[in-house]
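[1] sequence first, predicted coordinates after that:
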Amino acid sequence: MASNFIILIIAFLFFGAFTIALVHRFGAKFRNSYILSILALINILAVLLYQEVVSKGSLIYTVGAKIPSLYSVQGFPVRIILTADALSGFLVLLFVSIASLVFLYSLQILKEHLSLDKFYILSFLLLAGILGFLITGDFFTLFVFYEINTIATAGLIAFFRNKESLKSSFNYLVVFAIGSLFLLLGVGFLYGKYGALNMVALANNLDFLLLDRIALVFIAAALLLKAGAFPFYFWKPQTYKAMPISAIVLALMSSLAALYVLFKIVFNIFGYNIVLGWTLILFSILSIFVGVFFALKEKSIKRILAYLAISEVGYVILGISAGMMMANSEFGFMAIKGGLFHMVNDVLDISFLFLLVGIIFYISKAKNIFEIRGIGHKYPFLSGLFFFGVLAVAGMPPLNGFASKIIIYESIFHLSPALTILGIMGSILTLAVLIKIFAMIFLGTPSENFRNYKKIPKLAVSTIIIFAIIMLLIGFFPKEFTNSFIDKGASSLINRQDYIH
Amino acid sequence: MISLIFLTTIFLIVIGISGVLFQRNFIKIIIAINIIGDGVNLFLISLGYREGGIAPIFTNAVSLNMVSPTPQALILTSIVINLAITALLLSLSVLIHSSENLVNSKKEQDEGKPASHNSKN
């Protein structure tokens, strides 16, 4: 019974996505309340699911079967399987609640846009794709959700329908069509060898010979592409530049969900591997520095933040893959915990900055940051919030970014002190980038057209104040937060034996 | 027989990828993506192939030497998804065309636009 929550979340999201087009005909107010009621329902389901997985352990839902099992009555190990454990249940809850805040925000910020129903349809589909990443239990469903994710994101990139956004959408779709076909090819290798698609059956049988390694390379490449980590980061800046701000937050979550799937596959199915671990550590260090260095020379604020998102993804990979290298030791567990904790902080901090920039562009109707130079003189409250976000992303105490980065630094020190030094350097450079854009936007001589500015959108500002409160609470009580949310997730990620049985 | 199929798969994927990398025309890029998709689908369906197997439908016939139905179900989904992507790419290229009256993305580069619009990658 309880395992029905898994499918219900996805089902209601898809139902909502396709009925919004219909409901839209009854007027904007009705549509907005419809969207909010569906989100409330999904939030309740996510809370119930999380309670269930925390109290009773992982859940399995088999689509189209009375009894959840790996094999059908005839003995085929091929079924559509959805699973939720403590970690994916927590991430579902986190992403659903952040997405709800973002939808509230976009109710006000995007209000004047005409094709708003399409924005909500695509965002619901994208959210369903993200949650699908978190709960999929077999590789083919993973491929399907990857494609749902890709198509919905491409639609959202083309939302403004200007030349730039259409081109970025085309490029994005070309890149990800190839990426998803590589994922399918990797899945095909595994199917050809073992005749199974579900992750548990594969984890039981895998012998990690050459063919499995090739399959892992294909699958990992496709997922790193989605995550936007080092070798495949190129799509992120131009994509985020073209997207509406609220959709960027969803795209950030889809990157992190892809990382979660990657580590779930690596930990639970393929097991620990030194070559893979060092490769991922190398990629993570390179993502940190590539992100920060490109951000230093950028002029557009959305592109700067996109590059910083790349470097923050690097920290997540650094923590978790260093933890994989030191598996079975206390520090390894701590590093994995730090990486997962940073996943939470990354989505909170970077979304916070993006949403705040969205508000600034909304009230000033500006096209680039040169038009809004010196806006801090008129809106000291917004500049204070932005400075708060800057400190959080750069990892300054006592905010949440510091809490997770210090765990990562302390634990990876035992793998190699050089990694810690590189991580701290990346953090300092992040602070430099952010101080630069803070000075560019908020300090500086004010430009003249302040009189035409709109009023501050109260609903949108209150949603980001909620973000700020959460960030502050996590920053002040990191121990309590990790103990109650992250610990169980981290142990469910690394316990391969739990996963197989 | 099987190795011929695998060689064809590799051939199709290589053709497709080189098409995406070296072609500048939107329609040709879309065709190249379709070719990669066909290669992957061919690979998947060959996994379930059996020499002399019949269609996987349970009847009263004696022979149970069926080809595996799973890859067929999988590539059915994959074909539909490829169709969706192709349709979306085509509609985007139509929109880009009408917004600037230019299908050929190479022309744009020759006019000295920044390299960030490079559609290959």
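    Happy to help now that I have it.
[2] center of the chain, which residue is that?
    All of this is about chain A. Nearest to the geometric centre of chain A sits residue A:253, at 2.1 Å (CA atoms, centre = their mean).
[3] sorry, I should have been clearer: chain B.
    Taking CA atoms, centre = their mean, chain B has its central residue at residue B:37, 2.0 Å away.
[4] spatially nearest residue to that one, not counting backbone neighbours?
    Nearest residue to residue B:37, sequence neighbours excluded (CB to CB, 6 or more residues apart in numbering or on different chains): residue B:82, at 4.3 Å. Bear in mind the C-beta positions are built from the backbone N, C-alpha and C, glycine included.
[5] follow-up on the earlier one: wait, isn't the residue nearest to the centre of chain A in contact with residue A:347?
    Yes. Counting by CB atoms under 8 Å, residue A:347 is a contact partner of residue A:253 at 5.8 Å.
[6] ok, back up a step: tell me the secondary structure at the residue nearest to residue B:37.
    The three-state label given to residue B:82 by DSSP: H, G, I helix; E, B strand; the rest coil is helix.
[7] picking up where we left off before, pull the contacting residues for the residue nearest to the centre of chain A.
    A:95, A:98, A:99, A:130, A:347 (CB atoms under 8 Å, 6 or more residues apart in numbering or on different chains).
[8] assign a three-state SS to it, would you?
    Classified using three-state DSSP, residue A:253 is helix.
[9] any common contacting residues for residue A:253 and residue A:347?
    With CB under 8 Å, 6+ apart as the test, residue A:253 and residue A:347 both reach A:95, A:98.
[10] pLDDT averaged over the helix or strand containing residue A:191 - what is it?
    If you go by DSSP states H and E, residue A:191 is part of helix A:163-194. Averaging pLDDT along helix A:163-194 yields 92.
[11] buried stuff in it?
    Buried positions in helix A:163-194, judged by neighbour count with 16 or more other CB atoms under 10 Å in any protein chain shown: A:163, A:165-194.
[12] pull the number of nearby residues for residue A:453.
    By other CB atoms under 10 Å in any protein chain shown, the residues close to residue A:453 number 17.
[13] tell me the contacts of it?
    By CB under 8 Å, 6+ apart, the neighbours of residue A:453 are A:363, A:364, A:365, A:378.
[14] pull out the buried positions in the helix or strand harbouring the first one.
    The reference is to residue A:363. Element membership for residue A:363 (DSSP H and E) is helix A:330-364. Residues of helix A:330-364 classed as buried under the neighbour-count rule (16+ other CB under 10 Å) are A:331-364.
[15] try stretch A:391-399
    A:391, A:392, A:393, A:394, A:395, A:399.
[16] residues contacting the second one?
    Residues in contact with residue A:392 (CB under 8 Å, 6+ apart) are A:345, A:348, A:349, A:352, A:399, A:400, A:401, A:471, A:475.
[17] isn't the fifth one up against residue A:391?
    Spelled out, that is residue A:399. Yes. Residue A:399 is within contact range of residue A:391, at 5.4 Å (criterion: CB under 8 Å).
[18] any idea how many residues pack against the residue lying closest to residue A:145 once chain neighbours are set aside?
    Nearest non-adjacent residue to residue A:145, counting by CB to CB, 6+ apart: residue A:132, 3.3 Å away. Residue A:132 sits with 23 neighbouring residues when counted by other CB under 10 Å.
[19] now the helix or strand that contains residue A:132: how far from the chain's centre is it?
    Secondary structure from DSSP H and E places residue A:132 in helix A:116-135. In terms of CA atoms, centre = their mean, to the nearest Å, the centre of helix A:116-135 is set 13 Å apart from its chain centre.
[20] for that helix, buried residues please.
    A:116-135.
[21] re earlier: just the ones of the buried residues of stretch A:391-399 in helices?
    Using DSSP state H, the members of the buried residues of stretch A:391-399 that fall within helices are A:391, A:392, A:393, A:394.
[22] would JSON lines of these with pLDDT and distance to residue A:200 be doable?
    JSON lines is the format used below for those (pLDDT from 0 to 100; distance: CB to CB, whole Å):
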{"residue": "A:391", "pLDDT": "89", "distance to residue A:200": "43"}
{"residue": "A:392", "pLDDT": "90", "distance to residue A:200": "38"}
{"residue": "A:393", "pLDDT": "89", "distance to residue A:200": "38"}
{"residue": "A:394", "pLDDT": "86", "distance to residue A:200": "41"}
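[23] closest one of these to residue A:245?
    Here the nearest of those to residue A:245, counting by CB to CB, is residue A:393; it sits at 16.2 Å.
[24] for that closest one, give me its contacts.
    With CB under 8 Å, 6+ apart, residue A:393 has these contacts: A:308, A:312, A:349, A:350, A:353, A:401, A:430, A:434.
[25] between those, which is nearest chain B?
    Of all the contacts of residue A:393, chain B sits closest to residue A:308, with 17.6 Å by CB to the nearest CB.
[26] number of nearby residues for that closest one?
    Residue A:308 is flanked by 25 other residues according to other CB under 10 Å.
[27] check which helix or strand the residue nearest to it when sequence neighbours are not counted maps to.
    Distances taken as CB to CB, 6+ apart place residue A:295 nearest to residue A:308, at 5.5 Å, with adjacent residues excluded. In this structure, residue A:295 is located in helix A:274-297 according to DSSP H and E.
[28] what mean pLDDT does that helix get?
    The pLDDT scores in helix A:274-297 average 92.
[29] helices or strands up against it?
    Packing partners of helix A:274-297 (3 or more CB pairs under 8 Å, 6 or more residues apart in numbering or on different chains; DSSP states H and E): helix A:210-227, helix A:301-325, helix A:417-442.
[30] want to throw those helices into a markdown table with mean pLDDT?
    Below are the helices and strands packed on helix A:274-297 laid out as a markdown table (pLDDT from 0 to 100):
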| stretch | mean pLDDT |
| --- | --- |
| helix A:210-227 | 92 |
| helix A:301-325 | 92 |
| helix A:417-442 | 89 |
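[31] and the ones you listed, which is most packed in?
    helix A:301-325 (a mean of 27; mean count of other CB atoms under 10 Å in any protein chain shown).
[32] how about the residues of chain A near chain B?
    A:76, A:78, A:140, A:143-144, A:147, A:150-151, A:154-155, A:158, A:161-163, A:166-167, A:169-171, A:173-175, A:177-178, A:180-181, A:184-185, A:188, A:191-192, A:195, A:197, A:234-235, A:237-238 (CB under 8 Å from any CB of the partner chain).
[33] for chain B, what spans make up the strands?
    With DSSP state E as the criterion, chain B has no strands.
[34] hmm, residue B:23 is touching residue B:29, no?
    Yes. Using CB under 8 Å, residue B:23 is in contact with residue B:29, at 5.5 Å.
[35] residue B:96 and residue A:171 touch, don't they?
    No. Assessed by CB under 8 Å, residue B:96 is found out of contact with residue A:171, at 10.7 Å.
[36] pLDDT score assigned to residue 17?
    By default, I'm working from chain A. Value for residue A:17, per-residue pLDDT: 92.
[37] wrong one, I was asking about chain B
    Confidence score, pLDDT, at residue B:17: 94.
[38] excluding its backbone neighbours, what's nearest it?
    Counting by CB to CB, 6+ apart, the residue nearest residue B:17 is residue B:36, at 6.5 Å.
[39] point out where chain B drops to low pLDDT.
    Within chain B, the segments meeting pLDDT under 70 span B:1, B:58-64, B:101-121.
[40] again, only using 50
    B:111-121 (pLDDT under 50).
[41] quick one: the helices in it?
    Using DSSP H, helices in chain B cover B:2-22, B:26-47, B:69-100, B:105-110.
[42] just the ones you listed: most buried one?
    Per stretch, and counting mean count of other CB under 10 Å, the top mean among the helices of chain B goes to helix B:26-47, which has a mean of 21.
[43] any idea how far residue A:352 lies from residue A:358?
    Distance, residue A:352 to residue A:358, using CB to CB, to the nearest Å: 11 Å.
[44] for residue A:265, what are its contacts?
    Per CB under 8 Å, 6+ apart, neighbours of residue A:265: A:199, A:216, A:219, A:220, A:223.
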